Structure formats: structure tokens, C-alpha cells
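[1] output the structure for:
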Amino acid sequence: MKPVCIAVMLLVGVDAFAQSSPSARPAAVVGPEVVVSATRDEAREFDLPAAIDSIDGERVREGNAGVNLSETLNRVPGIVVQNRQNYAQDLQVSSRGFGARAAFGVRGVRLVADGIPATMPDGQGQTATFSLGSVGRIEVLRGPFAGLYGNASGALVQTFTEDGSQQPAVTGSISIGSFGAARIGVKYGGTQGALNYLLEASRFETDGYRAHSSAIRDQANAKFRVELATGGKLTAIAYTLDQPDTQDPLGLDRAQMQSNPRQAVDAAIRQNTRKSVRHRQAGLVYEQPMDGDTLRLAVHGGTRDVSQFLATPLVQQLPATSAGGVVDLDRGFGGASLRYMAVRKAPAGSAKLTAALEYDRMEEHRRGFINQAGTMGALKRDQDDRVSSTDAFVAGEWPFAPRWTLVGGVRSSTVRIASQDRFVVPGNPDDSGAVRYRGVSTAFGLLYKLDDSLHLYANTGRGFETPTLAELAYRSGGVSGLNLALQPSRSQQYEAGLKVNSPSGQRVRLAVFDIRTRDEIVVNRSEFGRTDFKNAGRTRRQGLELAWEALLGERFEAYVAWTLLDAVYRDTFTSGNAAARVPAGNRLPGVASHTLYAELVWRHAPSGFHAGAQVRRVGRVHVDDFNSEAADAYSVGSVRAGFEQRAKRWHLREFVRVDNVTDRLHAGSVIVAANQGRYYEPAPGRNYLIGVEASLAF
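    Predicted coordinates for the structure are as follows:
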């Protein structure tokens, strides 16, 4: 059944539910209501014509290790976060099919931390830089309005560091679990006069579920905010990530996963595949009210050093055109933004208009070396890369009638990518090149307030996604030079939905969408450590997202998030060395046809005890454009329980959880178009986690 047909039936049911809800009880809507991602200013999510969810920090950390976004973000409809059990490659994050093809890191989904970009100007980002131990809330924006954040914004994931408490307090936490997993963290925050501060540091270690997958991750996060005498505020943010010698077990083929899902392939052991990351980033944000308007100036900068040993066979590293089997990367990046928001009276409230200029730049020195059984050999690649993005946007919110609100914006983006080859030898010509991409993103939405508990909305918009540096690196057929023929993909999106805040304390969010993309960027060929990409014509994504959240009586909380997604190629195209035919109608790889998340929690306030159960269902996921194989659908369950005690100055929490309680063998993620059929990254069997947290206020 098509998502639109299902949506019509759900609309009827939800409307009946809203009308039958008792009106005598006061509203008791669960979950955070105020968000900023859609309009750049505080607004109730209920009053915006966009699909946006917010998860508070307490929910992020309750009963979780506080290490990966996958612990919490899968409760958001339309978002899929795959924990690859491979800390050398980071999480896979996708939204409505955007970002699903990423072999490492995050692309197609924009990442922002405290208003500072965590995605590079070419569209590539990493979630490992997010520090969940001090996060105050996470906002997830889907649909056309995410495109107003620039290139490669199929969705937006934005984190906000919590403020320090009014009374200085120190918090320590520790958790231990299966496969040698352990995390220890400390946090200190408070307020002194006009200064609010928060400092946090943590270490996470794991032996890994699979062989050759151990990791150590050290993180630190700091936020200082000063309230100025002029009424403005100055906020400084800094965070660091150190992740040395993180082992990479690589993917498995189907037979290997079924015979022994905990194994690493021989090439991983033989070449000692691993990755080391050292990331430093800081930002400064100045905000000043001006007679009801607001001026905001932000600057940021950082460095990122990466050393990665690949599994490329030695014989494939020897040709003159090979980049070797070791990546050595030194990157510097930074940017600035200037934003002005004006507020004026409107017929039914306050109209807001925001105008901004943004500039981001990245420069990196990339070298490649021979990987000789895990040791660095001769130089094979030496280049300087530069990427910059220059953007201007205007966005506004206009309540033009008592029941109607119009929200919209336009963003113009220019992305420049250049590479200077410094390794020109016989047989390896100059691979230097440069390209410039331009695009305009738009988003317009209309909200209708049927009554105080039911709002309807519709929106539409255009966006674009440029190739990343990694996707431009190689041309098809082993030809030298950047893949300058690769073009940005461009999308047109349509969305309609409803939002219900029932007086009985229940909340419903329903969205249906249709996305048409042209020049979709896809994997053309992946072998011998080289992956090249091409444009594949048109695609279509149609889907439905439903979230239901409720307080059931005094002690029960329920939550359900359900997503249907039909993502297919509309055009036939050829792929690979043999120019094999991919027929129209094939499903996009890496995209599940449906996902379901359901949770039920029972709380006993007098004792501070709570217990919960979760179920997650993920549909089949195809592994390549040919739909030659697919990871099987699966359902996994988790249970958890915890206690909480409060005294005058102390606050204690303890928890225990069990994941994959039925010990189900399944692929936690797939590597799209992986070399030698090694598409699958197995998820752990039954595993355990226990933790304790203690806070002391001074």
C-alpha cells in the first residue's frame, strides 16, 4: 500500500482521536517543545510547518552509555542511525534516504554543534565529535527547511550543550558492559555572577564485538557564557576528540557473517587496518539585542589530523597511479557568520525576518603511503586540497491571520573545490584540478491552526548536494585526475502533515513526503581501495513518518515512531567497469523500506525506580544499485531498569540494560557497493551494560 493511501487513513483516525480527547484536563504534552533549528529563533515546534523533533539531554543519557547517537536518535521517525560497531568509520546517519550511501562518516545530513558547523564545507561530517555527556538537547529537522542550512542538507542534526547549574555541581559517571566496553566521565558546571560555565571530559574504551575492533576515545567539551552589561551575551565553545589506533575489522560477506559474525577478514589482520584521529575545534558566538531585533556574530576554527591504514593489497599499491594504502591527512578549517533578525508586529502576532552571510573554508594536506603489513612505506600521494563555501540566506516567519502562519526562506550557495598535486612522477601525471558549484535552496511552508490541539501544515522546497572531496578523488577506469564530470544532485521536496497536542497528554506527529532528485550521486565502482562515483539520473522517495507519545496514567510512558520509505531509481543507468545495466524501479541501496521504534516505560516516583522495554524493527536493506543482495529485515528488543535517589546536595542514579535480548543475528549496517561483496557489518548478540552517576552540589 502506498504511503499516501496509508496517510489518508491515519489522518481520519488521528482527527477522530483529537476530537474525542477530553477537553477538561489541562494540557500535559510530553517532550521538549521549544526549538530553534527551523527558523534560527526560539519557537514552539507545534507552531512550525516542518517535521522537527527535539530530544532532551536527560532522555539521551537515561539508561544509555552516552557514547553514540544511535542510542537515542533512532526514536526519531525518518532518521536511521546505524551503529557499525566500527569506531574507525563512525556512525551511518541517513534521513529519508539522504546519506545512506556514506561508506565512512556522515554525508547528506548536516551536523551542527552549539550553532557551530560540525560538517565540512564539502558536506562531510563526523558524529564522534558530539559529546553526549553534556548535551542539553538534540534537534532533528527533516524536509525542505533543512536545505536552508546549505549544501548536503537532506536533514539537520543539531546538538546544544547544557548550561551549568545555578549552584556549582560536579558529576561523575561510569558504565561497563559487554566486550570490554567502559566509559568514565566527569562534568563540572555552575554560575558565578555573569558567567555560566560547564566543563566535561570522558574516556570510552572497548575491545570490540568483533575481532580487530578495539577503540579508545577521549573527549572534552567546554562552554562559557557571559551576560554582558549591554544586554547581550558572549559564548565560547571548545571541544576535542582523541581516538588513537582504532582498529577496523572491515565488512563481511554473507557467508562469513553467518558462519562467524565476530570475525575480521584476513586483510584486516594482514594489513593491520586502523585509524587515528585528533580533532580540535573552538567557536565564539556574540549575540546582541537591538530594540527588539538581534545581531549575531559567530567565528570558529579547528584542526583535524587523520592517519588511516587501509586493506589495499600490496600488489595494488605498486602502480604509479596508486595512492597507496595509508592515508595521512592534516586539515585546518574555520569560518564566520553574520546574522541579523528583525521582529515586527503582524496581524496575528510577531513577524520575523532573518538575513545572514556565512563563509566556511577547509584546507588540507593529504598524503598517501605504501601499507606494508601495517607499517608505513614509500610516498605515493602528496596533494593540497582547498574547499570553501560562501552562502547568503533570508528567512522569515509571518503570522498573517489568526489561524495562519507562513514560514519560508531562500539560500544561495557557492562551493569551490581545488586540488594541487605535488606528486608528479613518471607514469603518474599531474592530477591537479578545480571546480565550482552553485546552487539555490528554497523552503516555504504554511501552517493552519484548526484549533488549540490540532495544526495542519504543508511545505515545499529545493535543495542540492555537491560531491565531497572523497567522491571527486578518482575517475572511472583508473584514469588520473579529479572526477570533475561529477555534478551536484538536486532535489525538489513536498511534505504535508499534522500535529496533535491532546489535552489528555498525548502527542501525535504525522508527515507524508515526496522527494524527486536528479543527478543522484552513486557508487560506480569500488575495488583495490579506490571508489569512484557517477551521476545516475532521477530518483523518487515517497514516505510516511508517524510519531505517537503519551503519558498513560501516572506511571506509564509510551512512545512509537514508524517510518515507511519507498526509494527507487526512476531512470535506467549503467554502473561498473562492465557498464552493467541498473533498471529503473530498483531500490536505492542502504535504505530500509520501513523502520519501527516502540518504547514503554514504567516509573514509580516514590522509590525512584523505573523500568522500560524497547523494540526496534528494520526492513530489508539492499547493498548495491543492482539490488543483487539485501540485509534481512530484523527485530531486536532491549530492556532496562534504574533507580534514582535525591538528597539535599546529592543526586544518584544507577541503571542496568540488556540489548538484543533474543540474541538475534543481524547486520547492524551495510557498506554500499563494498569491495569483494563484504557488505555486512554484524551487530552484537545479547549484550549488557550497567552504570552509575553521582552529582554533588556545592
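[2] only C-alpha atoms from now on, for both contacts and neighbour counts.
    Will do.
[3] chain center to the lengthiest strand in the chain: distance?
    The residue-count maximum for a strand in the chain (DSSP state E) belongs to strand 375-401. Here strand 375-401 is found 16 Å from its chain centre; the criterion is C-alpha atoms, centre = their mean, to the nearest Å.
[4] buried set for it?
    The neighbour-count check on strand 375-401 (16 or more other C-alpha atoms under 10 Å) flags 376, 380-399 as buried.
[5] check stretch 473-490 too.
    Those would be 473-476, 480-483, 486-490, for stretch 473-490 by 16+ other C-alpha under 10 Å.
[6] same check, this time on stretch 112-127
    Buried residues in stretch 112-127 (16+ other C-alpha under 10 Å): 112-127.
[7] these: which two are farthest apart?
    Asp114 and Asp122 (20.1 Å; C-alpha to C-alpha).
[8] and Ala683, what does it touch?
    Contact partners of Ala683, counting by C-alpha atoms under 8 Å, 6 or more residues apart in numbering, are 83-85, 665-669.
[9] most neighbours, which of these?
    For the contacts of Ala683, the largest number of neighbours (other C-alpha atoms under 10 Å) sits with Ala667, at 25 neighbours.
[10] which residues does it contact?
    631-632, 680-683.
[11] including pLDDT, secondary structure and distance to Gly292, could the residues you listed go into JSON lines?
    Putting these into JSON lines (pLDDT from 0 to 100; DSSP: H, G, I helix; E, B strand; the rest coil; distance: C-alpha to C-alpha, whole Å) gives the following:
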{"residue": "Ala631", "pLDDT": "96", "secondary structure": "strand", "distance to Gly292": "54"}
{"residue": "Asp632", "pLDDT": "96", "secondary structure": "coil", "distance to Gly292": "55"}
{"residue": "Tyr680", "pLDDT": "96", "secondary structure": "strand", "distance to Gly292": "54"}
{"residue": "Glu681", "pLDDT": "96", "secondary structure": "strand", "distance to Gly292": "53"}
{"residue": "Pro682", "pLDDT": "96", "secondary structure": "strand", "distance to Gly292": "54"}
{"residue": "Ala683", "pLDDT": "95", "secondary structure": "coil", "distance to Gly292": "52"}
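[12] any of the residues you listed buried? List them.
    The buried subset of the contacts of Ala667 (16+ other C-alpha under 10 Å) comprises 631, 680-683.
[13] quick check, nearest of those to Glu654?
    Looking across the buried ones among the contacts of Ala667 and measuring by C-alpha to C-alpha, the closest to Glu654 is Ala683, at 25.8 Å.
[14] for the closest one, give its distance to Ser94.
    As judged by C-alpha to C-alpha, to the nearest Å, Ala683 and Ser94 stand 18 Å apart.
[15] sorry, back to before: tabulate the buried residues of stretch 473-490 (JSON lines), appending secondary structure, pLDDT and distance to Ile52.
    Below are the buried residues of stretch 473-490 laid out as JSON lines (DSSP: H, G, I helix; E, B strand; the rest coil; pLDDT from 0 to 100; distance: C-alpha to C-alpha, whole Å):
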{"residue": "Ala473", "secondary structure": "coil", "pLDDT": "84", "distance to Ile52": "35"}
{"residue": "Tyr474", "secondary structure": "coil", "pLDDT": "83", "distance to Ile52": "37"}
{"residue": "Arg475", "secondary structure": "coil", "pLDDT": "83", "distance to Ile52": "38"}
{"residue": "Ser476", "secondary structure": "helix", "pLDDT": "77", "distance to Ile52": "39"}
{"residue": "Ser480", "secondary structure": "coil", "pLDDT": "72", "distance to Ile52": "43"}
{"residue": "Gly481", "secondary structure": "coil", "pLDDT": "76", "distance to Ile52": "41"}
{"residue": "Leu482", "secondary structure": "coil", "pLDDT": "83", "distance to Ile52": "38"}
{"residue": "Asn483", "secondary structure": "coil", "pLDDT": "90", "distance to Ile52": "36"}
{"residue": "Leu486", "secondary structure": "coil", "pLDDT": "92", "distance to Ile52": "32"}
{"residue": "Gln487", "secondary structure": "coil", "pLDDT": "93", "distance to Ile52": "30"}
{"residue": "Pro488", "secondary structure": "coil", "pLDDT": "94", "distance to Ile52": "26"}
{"residue": "Ser489", "secondary structure": "strand", "pLDDT": "94", "distance to Ile52": "24"}
{"residue": "Arg490", "secondary structure": "strand", "pLDDT": "95", "distance to Ile52": "22"}
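[16] count of neighbours near the closest residue to Gly377 other than its chain neighbours?
    Spatial nearest neighbour of Gly377, excluding adjacent residues (C-alpha to C-alpha, 6 or more residues apart in numbering): Ile370 at 4.5 Å. Neighbours of Ile370 under the rule other C-alpha under 10 Å: 27.
[17] in the sheet, who's paired with the one residue sitting closest to the centre of the chain?
    The centre of the chain sits closest to Val93, judged by C-alpha atoms, centre = their mean, with a distance of 4.7 Å. Per DSSP bridges, the residues bridged to Val93 are Val81.
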